[in-house]
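Novice: Using only what follows, build the 3D model:
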Amino acid sequence: MSELFDQGLFDTDGAIYMGSRRNPAGCRVGLFGVPYDGTTSFRPGTRFGPAAIREVSSGLETYDPQLDLDLEEAAIADLGALEIPFGAPEPVVEAVGRATRAVLGLGLKPLMLGGEHSISSGAVAAVAERHPALVLVQLDAHADLREQWLGARHSHACAMRRCLEVLPSGDLLQIAIRSGTREEFGELRRSGRLIGLDGLVAALTPLRGRPVYLTVDLDWFDPAVLPGTGTPEPGGFHWHHFAALVDELRQHRLVAADVVELAPQLDPTGVSAVLAAKVVRSLLLLLDQ
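Specialist: Down below sits the predicted model:
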């Protein structure tokens, strides 16, 4: 197989995302999961997210009619679940960085499945080393700009603060954020990073040609369509809003992404996991281009 498996970075037991393979040879995209929820501040369970997305993916078609692309014709490796230490977030973030560098080293574009949002800074740091002009685009209900939360600097409530610290360009677009502290929203407005859906195309168009990392916290979606997340926030978005972003991203150079904060046990219908798997399908196909 590959050096990734020889190094013992990933556990390959369990389901595989539809249309992918285990061996990364000849692939363009590397999918991996990080089953961690050590800093969740309300309802835990996101450690079960990566496995749930894989398990329900077979209920979707491999063909995406919006993109007119099919996973059966893509070159995607599902590398498995990252082996992570139990407990504090700092070693997990470091492990994510090492794994992302290993995936990039094989010439693959990484797509990470969470797990909670605290893991994103490890992946962003690794991708930014390869792409210093990286632009970070965030879909999220929450600003995630706290310096610390409940004593933890790497809490999922601090995810974007930590990402900004490892993003050389400083270019972060926070799309339609709807929850945060007064201080966070003051910063969002002063910085110009808060982008409404009606301003999405105008904000992204000048960035065409730049490398883009998309981080998707699934609580961006309205809890009416995705209740299976630890910190649901009313007033969110539906599939057609995400599809509009996908249309714009077709014009961009997407080099990496993550999908985080699915807590599948909080939705007994299983619909949240299906929506998450469909988000992953779109991103895999965009990354494969």
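Novice: quick one, strands of the chain?
Specialist: With DSSP state E as the definition, the chain shows strands at residue ranges 10-11, 29-34, 63-64, 69-70, 76-82, 109-114, 135-139, 172-175, 194-195, 211-217, 253-260.
Novice: outside of stretch 50-61, which residues touch it?
Specialist: Residues outside stretch 50-61 that contact it (CB atoms under 8 Å, 6 or more residues apart in numbering) are 14-18, 33-35, 78, 81, 113-115, 259, 262, 264, 270, 273-274, 276-278, 280-281. (Glycine included, C-beta is placed from N, CA and C.)
Novice: Write a PyMOL command that selects only the buried members of those residues.
Specialist: This is the PyMOL syntax for the buried subset of those, where burial follows 16 or more other CB atoms under 10 Å:
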select buried, resi 16+17+18+33+34+35+78+81+113+114+115+259+262+264+273+274+276+277+278+280+281
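Novice: Same list (the strands of the chain) but as JSON lines, adding distance to Gln148 and mean pLDDT.
Specialist: Listed next are those as JSON lines, based on distance: least, CB to CB, whole Å; pLDDT from 0 to 100:
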{"stretch": "strand 10-11", "distance to Gln148": "31", "mean pLDDT": "94"}
{"stretch": "strand 29-34", "distance to Gln148": "21", "mean pLDDT": "98"}
{"stretch": "strand 63-64", "distance to Gln148": "40", "mean pLDDT": "98"}
{"stretch": "strand 69-70", "distance to Gln148": "42", "mean pLDDT": "98"}
{"stretch": "strand 76-82", "distance to Gln148": "25", "mean pLDDT": "97"}
{"stretch": "strand 109-114", "distance to Gln148": "20", "mean pLDDT": "97"}
{"stretch": "strand 135-139", "distance to Gln148": "19", "mean pLDDT": "98"}
{"stretch": "strand 172-175", "distance to Gln148": "19", "mean pLDDT": "98"}
{"stretch": "strand 194-195", "distance to Gln148": "22", "mean pLDDT": "96"}
{"stretch": "strand 211-217", "distance to Gln148": "19", "mean pLDDT": "98"}
{"stretch": "strand 253-260", "distance to Gln148": "19", "mean pLDDT": "98"}
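Novice: quick one: contacts for the closest residue to Pro223 other than its chain neighbours?
Specialist: Using CB to CB, 6 or more residues apart in numbering and skipping the chain neighbours, the partner closest in space to Pro223 is Pro232 (3.9 Å). Listed by CB under 8 Å, 6+ apart, the contact partners of Pro232 are 141, 219, 223.
Novice: Now intersect these with the helices, please.
Specialist: Among those, no member falls in helices (criterion: DSSP state H).
Novice: Identify the residues contacting the residue lying closest to Ile16 once chain neighbours are set aside.
Specialist: The spatially closest residue to Ile16, leaving aside those adjacent along the chain, is Asp78, at 4.6 Å (CB to CB, 6+ apart). With contact taken as CB under 8 Å, 6+ apart, Asp78 is in contact with 16-17, 20-22, 31-32, 54.
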